[in-house]
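Chemist: take a look and give me a structure for this.
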Amino acid sequence: MPKVDGSLNIKGLERRFSVYIPKTVANRPPVLVALHGGKARESMTNPRRGIIPGAEKYGYIAVFPYGVNEGWEVGFTGERSVTGTD
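Modeler: The predicted structure follows:
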């Protein structure tokens, strides 16, 4: 599997992600961004959803970002909320 792990520094915060590139990529391929659920990991997201087989079949690139503290800022406050990050 051609999978690449990487990170970006955005406003002083390291944002990690994985990218899956299929064996055959379409010209100007679509990009699918798969967000994991709270407390989940990228490795839990892609096998269950068929994202990798779909990438191979249809030629899209799949991106799996990791949330901050294993979650996403979705507009509510709580223990795991990181205001202003997403």
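Chemist: and after the lowest-mean-pLDDT helix or strand in the chain, which helix or strand comes next?
Modeler: Lowest on mean pLDDT, DSSP states H and E among the helices and strands of the chain sits helix 42-49, with a mean of 55. On the C-terminal side of helix 42-49, the nearest following helix or strand under DSSP states H and E is helix 51-58.
Chemist: pull out the buried residues from that next one.
Modeler: Buried positions in helix 51-58, judged by neighbour count with 16 or more other C-beta atoms under 10 Å: Ile51, Ile52, Ala55. C-betas here are computed from N, CA, C, even on glycine.
Chemist: tell me the mean pLDDT for it?
Modeler: Mean pLDDT, helix 51-58: 90.
Chemist: excluding chain neighbours, give the residue nearest to Val33 in space.
Modeler: Leaving aside its sequence neighbours, Val33 sits nearest to Val63 (C-beta to C-beta, 6 or more residues apart in numbering; 4.9 Å).
Chemist: from Leu32, how far out is that neighbour?
Modeler: Computed with C-beta to C-beta, to the nearest Å, the distance linking Val63 and Leu32 is 7 Å.
Chemist: before we move on, back to that, and the residue nearest to Val33, helix, strand or coil?
Modeler: Secondary structure state of Val63, per DSSP: H, G, I helix; E, B strand; the rest coil, is strand.
Chemist: bridging residues for it?
Modeler: Val19, Val33 (DSSP bridges).
Chemist: okay, now the nearest residue to Ile61 once chain neighbours are set aside: neighbour count?
Modeler: Distances taken as C-beta to C-beta, 6+ apart place Val31 nearest to Ile61, at 4.9 Å, with adjacent residues excluded. Val31 has 9 neighbours, counted by other C-beta atoms under 10 Å.
Chemist: for Val31, grab phi and psi.
Modeler: phi -120, psi 130 (degrees, to the nearest 10).
Chemist: pull the contacting residues for it.
Modeler: By C-beta atoms under 8 Å, 6 or more residues apart in numbering, Val31 lies in contact with Tyr60, Ile61, Ala62, Val63.
Chemist: ok, now Gly6?
Modeler: Contacts of Gly6 (C-beta under 8 Å, 6+ apart): Arg16, Phe17, Ser18, Val19.
Chemist: that's all I had, so thanks and see you.
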